[in-house]
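K.L.:
Need the 3D shape of this:
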Amino acid sequence: MPKIDDITGKGHDVIELVSLSWLEKAITPGFIRGGVYLVAGEPGIGKTTLAIQVLGELAMQGVKVLYLTTEQGLGDLKRAVIRIHGDSAGQLPKPIRDNFYLDDTIEDIDALPRFLARRILTEGEEYHGIQALVVDSVQGRGLSSSATQKYRALYEFAENAKAQGLVLILIGHVTKKGQIAGPKDLEHNVDCVMYIRRAFRLRPFFVPKNRFGPAMLDPLVLMMDDRGRLKKSPHMAAKSSAVLGYAGIGEELAEGQASVTLPRYGSRPELNAPFLPAKKIKQLLSILSAIKEVDLTDLSYEINCYVPRQQRYREELDLPIAIALLSSYLQRPVPDRALFVGELDLTRRIRSPEDTYLAALASLLTGAQRGKIKRLYISDECANSLGRMRPESHGQSVKEVVEIIGASELEHLLKQLWPDLYLEV
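P.N.:
Model prediction:
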């Protein structure tokens with residue numbers, strides 16, 4: 001048996017992507033010759049766009065690339081390539097015209113090994129010399145995960161492409177539960193898995209598996225520019241988020257903390273919320289999952305809530321925990337010195353606290369916490385009455401010491417917090 005020093009290993013031959021530095025960093029060290037990559041996500045999430053961005057970048061470097069489509073027509077793909085790489089007149093750069101090939105002759109994935117052998121690896125054939133190719137998609141217009149023979153053909157194709165030093169990018173579907181479609185060994189037969197999720201106009205991007213470098217389980221938040229290209233969002237915040245709340249008693253504030261990640265490859269999603277009521281937290285996650293355009297399925301959550309004096313959890317802390325979760329998932333900061341108060345019902349309506357709670361809150365804001373809180377987010381049902389409260393007969397009213405922002409529903413509050421999430425692309 002050889003000793004470890006007797007084994008000679010090959011270095012990774014990395015292909016640089018100058019215009020996609022965020023992607024290189026996410027899949028460290030970048031695209032490797034002979035690497036097999038799987039990009040997964042729901043329809044319309046940006047998988048095709050990302051693949052075209054990558055192939056276009058390579059084509060601009062003089063690398064011959066091929067896009068194999070099993071779903072879209074060539075006309076649709078050409079329009080996408082022009083949208084992403086063309087100039088204002090719709091003209092593509094000459095390197096892309098020379099090096100970017102499109103093909104729709106593959107009817108099923110079991111034909112891929114033969115296509116590779118005859119049309120790519122055979123000298124003199126049109127696609128000979130291809131160094132990177134995309135298969136969009138593995139499942140085509142529908143492929144059962146039990147189609148063992150077809151998936152075996154795909155793995156044979158991937159192994160042969162890998163042996164020839166080609167960069168292979170597979171596009172995959174996801175199930176309604178957010179899991180990658182197909183048999184589990186599909187993920188075993190690729191080197192790197194990239195997963196794009198949906199969150200309003202943002203696209204949280206994860207790398208749960210990477211044989212060439214570290215996995216990336218915290219979301220890298222992407223967004224689309226005015227031409228529909230994916231790029232790194234300029235709004236980044238800490239991986240976890242802390243949001244202030246109030247438990248209704250005393251002069252100290254509560255604090256909700258949350259961190260949202262993708263489960264490590266091969267692991268199940270986890271929910272860790274020590275000392276918090278389990279049923280209430282699960283209900284809160286269910287409420288957030290119902291927000292339109294936000295995909296929170298199959299994620300792992302770490303939730304903490306500091307409540308002074310070991311008081312029990314109360315419903316008015318729903319809102320700060322919900323905002324902490326969304327802030328972590330969207331990687332969006334929460335305004336400094338902001339306080340969030342309110343119970344969320346099943347329709348995501350923000351309920352008004354009881355009068356005794358509002359009286360305690362008014363005393364807090366005009367007393368012990370005066371000047372420390374700049375904005376208060378609360379149900380619009382009680383915003384005006386709270387603002388008029390004057391705990392001390394000759395003292396200041398609440399609206400004189402803090403800006404009160406009322407919202408009837410969670411989505412209304414989110415629009416005020418992060419209005420750019422709702423802009424039309």
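K.L.:
Strands along the stretch 51-200 of the chain, start to end?
P.N.:
In the stretch 51-200 of the chain, the strands defined using DSSP state E, counting those that start in this stretch lie at 65-69, 100-103, 132-136, 167-172, 192-196.
K.L.:
now for the ones you listed, which one comes closest to residue 258?
P.N.:
Residue 258 lies closest, by CB to CB, to one member of these: strand 192-196, at 20.3 Å. (Each C-beta comes from the backbone N, C-alpha and C, glycine too.)
K.L.:
export the very next helix or strand once past the closest one as CSV, just CAs?
P.N.:
For strand 192-196, the following helix or strand on the C-terminal side (DSSP states H and E) is strand 202-210. The C-alpha trace of strand 202-210 is given here as CSV (Å, rounded to 0.1, in the frame of the first residue of the first chain):
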residue,chain,number,x,y,z
LEU,A,202,-33.9,38.5,-4.2
ARG,A,203,-32.3,35.1,-4.8
PRO,A,204,-30.7,33.5,-1.8
PHE,A,205,-27.9,31.3,-3.2
PHE,A,206,-26.4,28.3,-1.3
VAL,A,207,-23.7,25.8,-2.0
PRO,A,208,-24.6,22.8,0.2
LYS,A,209,-21.9,20.5,-1.4
ASN,A,210,-18.5,21.3,-2.8
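K.L.:
Check which helices and strands strand 202-210 sits against.
P.N.:
Packing contacts for strand 202-210, counted by 3 or more CB pairs under 8 Å, 6 or more residues apart in numbering; DSSP states H and E, involve strand 192-196, strand 216-224, helix 318-330.
K.L.:
Just put the strands of the stretch 51-200 of the chain in a markdown table and tack on distance to residue 360, mean pLDDT and mean neighbour count.
P.N.:
Converted to a markdown table, the strands of the stretch 51-200 of the chain look like this (distance: least, CB to CB, whole Å; pLDDT from 0 to 100; neighbours: other CB atoms under 10 Å):
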| stretch | distance to residue 360 | mean pLDDT | mean neighbour count |
| --- | --- | --- | --- |
| strand 65-69 | 62 | 97 | 24 |
| strand 100-103 | 65 | 97 | 18 |
| strand 132-136 | 58 | 97 | 24 |
| strand 167-172 | 53 | 96 | 24 |
| strand 192-196 | 45 | 95 | 23 |
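K.L.:
Residue 232 and residue 220, how far apart?
P.N.:
Noted for residue 232: a distance of 7 Å to residue 220, by CB to CB, to the nearest Å.
K.L.:
so what sits against both of the two?
P.N.:
Shared contacts of residue 232 and residue 220 (CB atoms under 8 Å, 6 or more residues apart in numbering): residue 22.
K.L.:
between the strands of the stretch 51-200 of the chain, which one is nearest to residue 318?
P.N.:
Using CB to CB, the strands of the stretch 51-200 of the chain put strand 192-196 closest to residue 318, at 28.7 Å.
K.L.:
gap between the closest one and the chain center?
P.N.:
10 Å (CA atoms, centre = their mean, to the nearest Å).
K.L.:
Note down every partner strand of that strand and its orientation.
P.N.:
Paired with strand 192-196 in the same sheet, following DSSP bridges, are strand 36-40 (parallel), strand 202-210 (antiparallel).
K.L.:
Between strand 216-224 and it, find me the angle.
P.N.:
50 degrees (axes from the mean of the first three to the mean of the last three CA atoms, to 10 degrees).
K.L.:
what's next to strand 192-196, contact-wise?
P.N.:
26-27, 35-41, 45-47, 50, 180, 187, 203-212, 222, 262, 265.
K.L.:
Please, a PyMOL command that selects the buried ones among those residues?
P.N.:
Applying 16 or more other CB atoms under 10 Å to those leaves a buried subset, and the PyMOL line that selects it is:
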select buried, resi 26+27+35+36+37+38+39+40+41+45+46+47+50+180+187+203+204+205+206+207+208+209+210+222+262
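K.L.:
Can you tell me which of the helices and strands packed on strand 202-210 has the worst average pLDDT?
P.N.:
Of all the helices and strands packed on strand 202-210, strand 216-224 carries the lowest average pLDDT, namely a mean of 87.
K.L.:
Could you list the low-confidence segments of the chain?
P.N.:
1-2, 4, 6-11, 234-240, 264-266, 423-425 (pLDDT under 70).
K.L.:
Tell me which stretches of it form helices.
P.N.:
Per DSSP state H, the chain carries helices over the ranges 21-26, 47-60, 74-85, 94-99, 112-115, 148-163, 185-188, 278-289, 318-330, 355-366, 380-388, 410-417.
K.L.:
which helices and strands sit right next to the fourth one?
P.N.:
This means helix 94-99. Judged by 3+ CB pairs under 8 Å, 6+ apart, helix 94-99 is in contact with helix 47-60.
K.L.:
what angle do the helix it packs on and strand 192-196 make?
P.N.:
Per the same axes, to 10 degrees, the angle that helix 47-60 makes with strand 192-196 is 130 degrees.
K.L.:
Surely residue 242 is in contact with residue 259?
P.N.:
No. With contact defined as CB atoms under 8 Å, residue 242 does not reach residue 259; the gap is 10.2 Å.
K.L.:
quick one: which of the two has more around it?
P.N.:
The neighbour count for residue 242 versus residue 259, taken as other CB atoms under 10 Å, is higher for residue 259 (19 against 16).
K.L.:
Hmm, that one is touching residue 301, no?
P.N.:
Yes. The pair residue 259 and residue 301 passes the contact test of CB under 8 Å, sitting 7.4 Å apart.
K.L.:
Give me the common contacts of the two.
P.N.:
Common neighbours of residue 259 and residue 301 (criterion: CB under 8 Å, 6+ apart): none identified.
K.L.:
just to revisit the earlier point, columns distance to residue 396 on top of the strands paired with strand 192-196, output as a markdown table?
P.N.:
Conversion of these to a markdown table gives the following (distance: least, CB to CB, whole Å):
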| stretch | distance to residue 396 |
| --- | --- |
| strand 36-40 | 55 |
| strand 202-210 | 39 |
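K.L.:
can you tell me which of these comes nearest to residue 269?
P.N.:
When the strands paired with strand 192-196 are compared by CB to CB, strand 202-210 sits nearest residue 269, at 11.5 Å.
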